[in-house]
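S.K.: sharing a model prediction with you, sequence too.
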Amino acid sequence: MSNTTNGRLVSLDALRGFVMFWIMSGEHIIHALAKTAPIPVFIWMSSQLHHAEWNGITFYDMIFPVFLFVAGVSMPYSFEKKMQLAGVKTPQELPGNEKRKIYLSMLKRTCILLVLGFVVNGLLRFDGFDQTRFASVLGRIGLAWFLAGILYLNFDFKKQLIWFFGILIGYYVAMKWIPVPDFGAGILTKEGSLEGYIDRLFLPGRLHSTVYDPEGILSTIPAVATALLGVFTGTFLKAKVAFSVEFKLFLMTLTAVLLIIAGLIWDINFPINKHLWTSSFVCFVGGFSILFFVFFYLIIDLFGFRKWAFPLILIGSNSILIYIAAEGLVDFKHTADYVFGGLIHFLPLIWQPVFAALSVTVVQLILLYFLYKRKWFLKI
């Protein structure tokens, strides 16, 4: 993971922290607020912090792809030093021995994320092979990032674009035209989709949703396109071109709007669906990912307003660590109750759940601040 002193964009850590905040404890604050003060804005925000049941989209559905998009944006910056040392201008020009080192490093990172994903899913409970869920959020991040990295290292921008559109169109054709036994072709239900069928056929262990897994095998392929969108964004932003940064941001915003429109149009025939990671979902959320990044880059890196984002930077600089901890490795609720529970009991009963949820975030931020000040980051 990165920090604010290693030359990378501060906005990337802030955006990563923003999306991770909702997973680690932010959603519980909003849900508590919606119950305590059921005004329309809190009720709407609470509804947006649940996954869409199937087709359709909520803000919560965007968190995972935005995180993967940010990983893609980081890629051109992380390889920049290697290109400078090798005296080349593009990653495709890197010598073969240098590429092999990068491949091994990327493979190691992917394997670590896969294993950590197993751990988050309860591998260490030793419930048996058939009860272990092997698909995971961290695993998909690792695999999609790895495959996008292979494309970035071996193909120029035009060929990367061909791969991007090829993945989206190829996934659409497969999902719509390849028949599933007992269901036929183009049945985009949990059990009838090609994605669910392949999961049941080839994915070992326990599936998240019995008949399919939202981080399953086939739907990992379009997730590569999500990572590639981040790669395109990072490549374009750091490219030395004649026009200004401001005009770059304008073009990025325009691209984002076009992607959102494309996603909405494609939704008519291939519904926006996070569970299946449909091609329309990639376009729609990809557009919003770019808009989120433009906002954070404009405010933090371009205008220099960083102080407000410091809590987000704390989260973003150790995002994998806090994700693993919040998913069950650490009982933050117990710690927060031990530290703040006595004080919270003096508050009006109706507001106690809200401050209890807030206290969990405070404990998490204290831990992250401690790690940040000592420059202890989980680097994968």
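M.R.: In hand now; what should we look at? Numbers count the residues shown, from 1 in each chain.

S.K.: pLDDT below threshold where in this protein?
M.R.: Within the chain, the segments meeting pLDDT under 70 span 1-8.

S.K.: center of it - which residue?
M.R.: residue 67 (2.4 Å; CA atoms, centre = their mean).

S.K.: dump the residue contacts of it.
M.R.: Under the criterion of CB atoms under 8 Å, 6 or more residues apart in numbering, the neighbours of residue 67 are 16, 19, 20, 141, 319. All C-beta spots, glycine's among them, are computed from the backbone N, C-alpha and C.

S.K.: may I have the helix or strand hosting residue 365 exported as PDB, CA atoms only?
M.R.: Using DSSP states H and E, residue 365 sits in helix 352-373. This file holds the C-alpha atoms of helix 352-373, laid out as PDB (Å, rounded to 0.1, in the frame of the first residue of the first chain):
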ATOM      1  CA  GLN A 352     -26.800   5.600  21.600                       C
ATOM      2  CA  PRO A 353     -26.700   3.300  18.500                       C
ATOM      3  CA  VAL A 354     -25.500   6.200  16.300                       C
ATOM      4  CA  PHE A 355     -22.600   7.000  18.700                       C
ATOM      5  CA  ALA A 356     -21.800   3.400  19.200                       C
ATOM      6  CA  ALA A 357     -21.400   3.100  15.400                       C
ATOM      7  CA  LEU A 358     -19.300   6.300  15.400                       C
ATOM      8  CA  SER A 359     -17.100   4.900  18.200                       C
ATOM      9  CA  VAL A 360     -16.100   1.900  16.100                       C
ATOM     10  CA  THR A 361     -14.900   4.300  13.300                       C
ATOM     11  CA  VAL A 362     -12.900   6.300  16.000                       C
ATOM     12  CA  VAL A 363     -11.200   3.100  17.200                       C
ATOM     13  CA  GLN A 364     -10.400   2.100  13.600                       C
ATOM     14  CA  LEU A 365      -9.000   5.600  12.800                       C
ATOM     15  CA  ILE A 366      -6.900   5.600  16.000                       C
ATOM     16  CA  LEU A 367      -5.300   2.200  14.900                       C
ATOM     17  CA  LEU A 368      -4.700   3.500  11.400                       C
ATOM     18  CA  TYR A 369      -3.200   6.800  12.700                       C
ATOM     19  CA  PHE A 370      -0.800   4.800  14.900                       C
ATOM     20  CA  LEU A 371       0.300   2.700  11.900                       C
ATOM     21  CA  TYR A 372       0.500   5.700   9.700                       C
ATOM     22  CA  LYS A 373       2.800   7.700  12.100                       C
END
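
S.K.: how about the contacts of residue 67 in TSV, adding neighbour count?
M.R.: Converted to TSV, the contacts of residue 67 look like this (neighbours: other CB atoms under 10 Å):
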residue	neighbour count
16	28
19	25
20	24
141	26
319	25
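
S.K.: out of the residues you listed, which are inside helices?
M.R.: 16, 19, 20, 141, 319 (DSSP state H).

S.K.: show me what the helix holding residue 365 is packed up against.
M.R.: With contacts defined as 3 or more CB pairs under 8 Å, 6 or more residues apart in numbering; DSSP states H and E, helix 352-373 has these neighbours: helix 27-36, helix 310-316, helix 319-324, helix 332-344.
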